[in-house]
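Student: kindly return the folded structure for what I paste below:
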Amino acid sequence: MPKEPRRRSDFQKVRSRARKSSPWPKIAAGVVAVALVGGGVWWYMNRDSGGGADDAAGAGLTYAGSEEPCSLIDAAPLESVVGGAEPTEAAEAEQKNRGYSQLCTVTYGEPDQAAALLEVDGTVFDSDAKASVNFEMGAGELSEMAELWTPIEPAPSVGDQAAAVARIVSDGTSNYQLHIQDDNVYLVVRLSVAKEAGIDEATFTDLTTQLAEAYLANWRDAS
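Tutor: Residues are numbered from 1 along each chain as shown. Alright, predicted model coming up:
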């Protein structure tokens, strides 16, 4: 008499299914690995070396962080466009993970009806290479603004490399951004001017370039 086939227990069925591993953990692990590699490159180029602003000068670098970034601004070129409006300065400076960050904001006139607004935003790195990487990232973001902003070609000749965009309007505030890498510094100069100034793209470029050149020169001297 033939034996009755042995029925598999529920426990055996579970074990059998468990042997068939899902592909999703492998796919997820691959995605995480790629992300870690990409993020690792950025982290390595921007990792904190543990030094402060004073260590930059001690390491033989061109720029060291300044606790008084507004003192580096020479705003004389703006006198012709602000119509005698008085400037109000606000400064920020602190050591961050990626480098020493310093910002100076100068408002000409009342905030709600300012004749001009100038922002000079700089980051000091412990190597020229890190400054260059961060400049390239910033310049890449500028290229994505082309729909509303006009790229300046050729870019102003200032620092080791530069990129700029402008948004000139006939009714309202016109804006200009100049991004610069010079040795171990990544610098962004943002200038906004009220319509009463009536300046064009070429004048905007000249003004912003002069402001950036003077700032860098004063910064080198102070470092």
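Student: make it CA atoms for all contacts and neighbour counts henceforth
Tutor: Noted.
Student: for the residue nearest the centre of the chain, which three-state class applies?
Tutor: With distances taken as C-alpha atoms, centre = their mean, residue 138 lies nearest the centre of the chain, 5.0 Å away. Secondary structure assignment for residue 138 (DSSP: H, G, I helix; E, B strand; the rest coil): helix.
Student: against residue 116, how distant is it?
Tutor: Computed as C-alpha to C-alpha, to the nearest Å, the residue 138 to residue 116 distance reads 24 Å.
Student: again with residue 140
Tutor: Distance from residue 140 to residue 116, by C-alpha to C-alpha: 27 Å.
Student: the two: who's more crowded?
Tutor: A direct count of neighbours by other C-alpha atoms under 10 Å for residue 140 and residue 116 places residue 116 higher, at 26 against 12.
Student: so what's the more buried one bridging to?
Tutor: Beta-bridge partners for residue 116, by DSSP bridges, are residue 108, residue 193.
Student: residue contacts, residue 195?
Tutor: 169-174 (C-alpha atoms under 8 Å, 6 or more residues apart in numbering).
Student: out of those residues, which is nearest to residue 88?
Tutor: Using C-alpha to C-alpha, residue 173 comes nearest to residue 88 of the contacts of residue 195, at 18.6 Å.
Student: tell me the secondary structure of the nearest residue to residue 207 once chain neighbours are set aside, please.
Tutor: The shortest distance from residue 207 to any non-neighbouring residue, by C-alpha to C-alpha, 6 or more residues apart in numbering, is to residue 77 (6.2 Å). Following three-state DSSP, residue 77 is assigned to helix.
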